[in-house]
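> My questions concern the predicted model and sequence given below.
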Amino acid sequence: MQLNKFIPLLSLSLCLGNFSFAQTQDTLSNNTVIQLHSAGLSDDIILSKIKSSPNKFDLSTDNLIGLKKSGISDLVIGAMQAKLMVPSAPSAPSQSSANAPSVPSAPVTAPAAPVSTLAGQDVLVKPKFPGVFYLKNGVDALSEIEPSVYSIEKVGTSFVGSIKYGLSKKDVKAILSGSNANFLISGVKPVFVFLFAPNGGFGSNNDWFSNATSPNEFVLVKFKSSRKTRDVVTGPYGDLAGFTSGIPAEDKINFRFEKQAPGQYKVYFDQPLVSGEYGFLFPAGALGTASSNSPQKVIDFEIK
């Protein structure tokens, strides 16, 4: 074949190849995400698709409500919002405008670099002060959870306990006022952020949590709720032996945590929580390592 005939054919082949490649690049929309979810694909797969594909998402208020009603998780919606925040790369100038006088464009401000990640999505921000925070909807909206004061009560004296332990044997309960916590969470897999002060605790030297430096020192418990109070057994008490921490296994809830920065941790759950009353207890405080003048506190919340 002559060279002057081969070159046009080669150019045509390359153009067709580029067209074929472009055709494989899906542009995601709200409906595409809903279709992926309806097909039974996991959030991890949908998140990966969002990360690697161009999009034309519409996240107006009405469309956000529509996504939620279609069963799209907060995590996926947060990833869609994060992807919209990333500016698209500028396109090459067309031939007709290549020689036109340049007009300075407004500077594009890139999104601030995130402090850390949430399940692969760069959406978490650093709290402004130490404390325990709820990460609302899996995005960068933090709400501080104020701790509540609880009291200790000894209950369950029995003759059998007296024989077995030498003196009276009682259970010790942590009791909170009110049948419901003030802090209400609507999601069943909440995410929390713990930010500790450099010297431990949440900023006060005589605070109940003053010796805490990691979520690993806390125990998440599920309270039993009655008409006026919430309570959980924290351990047995013998008149000679004293207090020993022994929260029943059925009242303890497993959680996971991930260190994100010095003193900062993300706390999350592999399994959804059932509706009820919960609280992060600091057992080291109950054992006397915190200041004796500190009121006994728990970081309590309700899952609706």
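Cool, the structure landed.
> okay, CA-based contacts and neighbour counts for the rest of this
Fine.
> Below-threshold pLDDT in the stretch 1-150 of the chain: ranges please.
1-25, 85-124, 137-140 (pLDDT under 70).
> how does it look with 80?
Low-confidence segments of the stretch 1-150 of the chain, defined by pLDDT under 80, are located at 1-26, 84-125, 137-141.
> Please, where are all the strands along the stretch 101-250 of the chain?
116-118, 121-124, 131-135, 142-144, 148-149, 151-155, 169-177, 184-185, 192-195, 219-225, 229-238, 242-243 (DSSP state E, counting those that start in this stretch).
> now those strands in a markdown table, with mean neighbour count and distance to N206?
Shown next, in a markdown table, are the strands of the stretch 101-250 of the chain (neighbours: other Cα atoms under 10 Å; distance: least, Cα to Cα, whole Å):
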| stretch | mean neighbour count | distance to N206 |
| --- | --- | --- |
| strand 116-118 | 17 | 30 |
| strand 121-124 | 20 | 30 |
| strand 131-135 | 22 | 15 |
| strand 142-144 | 17 | 20 |
| strand 148-149 | 16 | 15 |
| strand 151-155 | 14 | 18 |
| strand 169-177 | 21 | 20 |
| strand 184-185 | 15 | 28 |
| strand 192-195 | 25 | 17 |
| strand 219-225 | 21 | 21 |
| strand 229-238 | 20 | 22 |
| strand 242-243 | 13 | 22 |
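> can you list those in TSV and add distance to K69?
Listed next are these as TSV, based on distance: least, Cα to Cα, whole Å:
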stretch	distance to K69
strand 116-118	23
strand 121-124	22
strand 131-135	21
strand 142-144	24
strand 148-149	35
strand 151-155	42
strand 169-177	36
strand 184-185	18
strand 192-195	25
strand 219-225	29
strand 229-238	33
strand 242-243	50
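> which stretch among these comes nearest I77?
Among the strands of the stretch 101-250 of the chain, the nearest to I77 by Cα to Cα is strand 121-124 (10.8 Å).
> So for G279, which of the strands of the stretch 101-250 of the chain sits nearest?
Across the strands of the stretch 101-250 of the chain, G279 has its closest neighbour in strand 219-225 (5.5 Å, Cα to Cα).
> Now tell me what touches the closest one from outside.
Contacting residues not belonging to strand 219-225 are listed as 179-180, 230-232, 251-255, 276-283 [Cα atoms under 8 Å, 6 or more residues apart in numbering].
> switch the cut-off to 6 Å
Residues outside strand 219-225 that contact it (Cα atoms under 6 Å, 6 or more residues apart in numbering): 179, 230-232, 251-253, 277-281.
> Most neighbours among those, which one?
Y278 (27 neighbours; other Cα atoms under 10 Å).
> Report the angle between the strand or helix carrying it and strand 219-225.
Using DSSP states H and E, Y278 maps to strand 276-281. Here the directions of strand 276-281 and strand 219-225 differ by 140 degrees (axes from the mean of the first three to the mean of the last three Cα atoms, to 10 degrees).
> Can you give the strand pairings for strand 276-281, parallel or anti for each?
strand 219-225 (antiparallel), strand 297-303 (antiparallel) (DSSP bridges).
> so which of the strands of the stretch 101-250 of the chain comes closest to L41?
Across the strands of the stretch 101-250 of the chain, L41 has its closest neighbour in strand 121-124 (17.9 Å, Cα to Cα).
> Tell me, what's the model's pLDDT at the closest residue to F218 other than its chain neighbours?
Spatial nearest neighbour of F218, chain neighbours left out: F282 (4.8 Å); criterion: Cα to Cα, 6 or more residues apart in numbering. Listed pLDDT for F282 reads 90.
> My read is that F282 contacts N216, right?
No. The criterion here is Cα atoms under 6 Å, and F282 misses it with N216 at 9.7 Å.
> could I get stretch 55-70 in PDB with only the CA atoms?
Taking only C-alpha atoms (Å, rounded to 0.1, in the frame of the first residue of the first chain), the coordinates of stretch 55-70 have been written out as PDB:
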ATOM      1  CA  ASN A  55     -20.900  13.100  36.600                       C
ATOM      2  CA  LYS A  56     -23.900  15.500  36.200                       C
ATOM      3  CA  PHE A  57     -25.300  15.100  39.600                       C
ATOM      4  CA  ASP A  58     -28.200  17.400  40.700                       C
ATOM      5  CA  LEU A  59     -28.100  17.800  44.500                       C
ATOM      6  CA  SER A  60     -30.800  20.400  45.000                       C
ATOM      7  CA  THR A  61     -32.900  20.000  48.100                       C
ATOM      8  CA  ASP A  62     -35.700  18.100  46.200                       C
ATOM      9  CA  ASN A  63     -33.300  15.800  44.500                       C
ATOM     10  CA  LEU A  64     -31.500  15.000  47.900                       C
ATOM     11  CA  ILE A  65     -34.900  14.000  49.300                       C
ATOM     12  CA  GLY A  66     -35.500  11.900  46.200                       C
ATOM     13  CA  LEU A  67     -32.200  10.100  46.600                       C
ATOM     14  CA  LYS A  68     -33.000   9.400  50.300                       C
ATOM     15  CA  LYS A  69     -36.400   8.100  49.500                       C
ATOM     16  CA  SER A  70     -34.800   5.800  46.900                       C
END
